[in-house]
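> below: sequence and its predicted model.
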Amino acid sequence: MIAYIIRRFLSMIPSLLLASIIVFSFIHLIPGDAAQVMLGDMATPEQVQALRVSMGLDRPVWVQYSLWLSNVLRGNFGTSTFFHIPVLEVIADRAETSIFLAIMSIILIILIGIPIGILSAVRYNSFVDQFFSGISMFFASIPTFWLGLNFMIFFSVWLGWFPTSGFPSVLQSGDWSNLRYLVLPAITLAAPNSALIIRLTRSGMLDVSHADYVRTARAKGLSENSVNLRHIFRNSLITVVSALGFTFVALVSGTVVTETVFSLPGIGRLVVESLLRRDYPTIQGIILVIASIYMLINLLVDLSFAFLDPRIRYN
């Protein structure tokens, strides 16, 4: 296992190197002068030249890349041209909201999707199965902005149970009750994503239910609950865990619509705002951080397979 982990980490280096080249090339694919684009048409030639020098754009491309990569390896992703602070500080300031929202959403997705998926598989082709299948397809087809707005109107405006927007920092204030600001956004994100987990759990269990070891377990006289949970459900978890892993990363990095509806200061909104502000150092930093998180989650998901299925061995 240790040797496999080391090999996987080493195999991530070429992928991260390729990602860094693509991310670095982003600023050089902009039509015209990148410094002029970032400063706008009202900038003076002196201001444009000063930005070019500060960003190293007056040097050869290979020199720019080597300097940028060496800074990245030391944890220096550059300085935001809008906030005028290090890019990592900008990302860290927004990461709290996205991480808490992703954790709350994934917990709801697991609590909703897996039990309903198990029930649908156990009651295959019954009214219960058809009902939950229809409900899951309904929520999967609803736009998140429409769902979020309706949740906001009903639970915030009419009932007054939850705040409508914003998210005061939990880490800075130490007030964990601020998580109530993320309840409605988490439900909004969990509703459509739970539908995917319901379908994967259901289909995975139905596929496994015809395996020889399941028939053997029933022939031994094991209870139906034991067969369903220990033999069928456990052996159908690999697909579900894979989906949950990548869903979590998507929740951290790609919930632009939900963050906009609820005015949340998250990573998704930061990407859009940085694009509109032409804050390219911040965009480069976000893309590289997200790519690293994707690779790490992929590694953790692969490692979890060995615990879920004893037949899988990593050497």
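Everything's here; your move.
> what is the burial count for L184?
The criterion is other Cβ atoms under 10 Å. On that basis, L184 has 24 neighbouring residues. To be clear about C-beta, it is placed using only N, CA and C from the backbone, and glycine gets the same treatment.
> for the one 10 residues further on, same thing?
When neighbours are defined as other Cβ under 10 Å, S194 has 26 of them.
> for it, helix, strand, or coil?
State at S194, reduced to three classes by DSSP: H, G, I helix; E, B strand; the rest coil: helix.
> what's the separation between it and L149?
For S194, the distance to L149 (Cβ to Cβ, to the nearest Å) stands at 19 Å.
> so M104 versus W158, what's the distance?
M104 is 23 Å from W158, by Cβ to Cβ.
> show me which of those two is the more surrounded one.
Per other Cβ under 10 Å, whichever of M104 and W158 has more neighbours is M104, with 19 against 9.
> which strands and helices sit next to the host helix or strand of that one?
According to DSSP states H and E, M104 maps onto helix 87-122. Counting contacts by 3 or more Cβ pairs under 8 Å, 6 or more residues apart in numbering; DSSP states H and E, helix 87-122 is packed against helix 127-141, helix 170-173, helix 183-208, helix 237-253, helix 256-261, helix 267-277, helix 280-308.
> now with 7 Å, please.
helix 127-141, helix 183-208, helix 237-253, helix 267-277, helix 280-308 (3 or more Cβ pairs under 7 Å, 6 or more residues apart in numbering; DSSP states H and E).
> and for F154, the neighbour number?
If we define neighbours as other Cβ under 10 Å, then F154 has 12 of them.
> and R277, by the same measure?
15.
> please apply the same query to the one 5 residues further on.
Other residues lying near T282 total 28 when counted by other Cβ under 10 Å.
> output the lowest mean pLDDT helix or strand found in the protein.
helix 34-39 (a mean of 66; mean pLDDT, DSSP states H and E).
> spit out the contact partners of D58.
With contact taken as Cβ atoms under 7 Å, 6 or more residues apart in numbering, D58 is in contact with R52.
> cool, L251 as well?
L101, A102, S105, I106, L189.
> and the first one, what's its pLDDT?
The one in question is L101. At L101, the pLDDT value in this model is 90.
> same deal with the last one?
Reported pLDDT at L189 in the predicted model: 90.
> these two touch, right, R8 and L300?
No. Counting by Cβ atoms under 7 Å, no contact exists between R8 and L300, whose distance comes to 10.2 Å.
> and those two? Which one has more around it.
R8 (15 against 12).
> neighbours of N228, how many?
19.
> was I right to think it contacts V122?
Yes. Contact criterion Cβ under 7 Å: N228 and V122 qualify, at 5.8 Å.
> the helices and strands packed on helix 87-122 into TSV, with extra columns for distance to L73?
Shown next, in TSV, are the helices and strands packed on helix 87-122 (distance: least, Cβ to Cβ, whole Å):
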stretch	distance to L73
helix 127-141	41
helix 183-208	34
helix 237-253	22
helix 267-277	22
helix 280-308	11
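> looking at those, which is buried most?
Highest mean neighbour count among these (mean count of other Cβ atoms under 10 Å): helix 183-208, with a mean of 22.
> helices or strands next to that one in the packing?
Short answer (3+ Cβ pairs under 7 Å, 6+ apart): helix 183-208 packs on helix 87-122, helix 127-141, helix 144-151, helix 237-253, helix 256-261.
> residues in contact with the next helix or strand after that helix?
Using DSSP H and E, the helix or strand that follows helix 183-208 in sequence is helix 212-219. Outside helix 212-219, the residues within contact range by Cβ under 7 Å, 6+ apart are V208, V227, H231, I232.
> pull the number of nearby residues for A211.
Neighbour number of A211 under other Cβ under 10 Å is 14.
> give me the distance between it and K220.
14 Å.
> F233 too?
In terms of Cβ to Cβ, F233 sits 18 Å off from K220.
> what about those two, which has more around it?
Ranked by neighbour count (other Cβ under 10 Å), F233 and K220 place F233 first, with 21 against 9.
> can I assume that one is in contact with I118?
Yes. Here F233 reaches I118: they are 6.0 Å apart, a contact under Cβ under 7 Å.
> coming back round to it: out of the contacts of helix 212-219, which two sit at the greatest distance?
V208 and V227 (10.5 Å; Cβ to Cβ).
> what about the protein, any weak spots by pLDDT?
Within the chain, the ranges that satisfy pLDDT under 70 run 1, 27-41, 55, 57, 254, 309-315.
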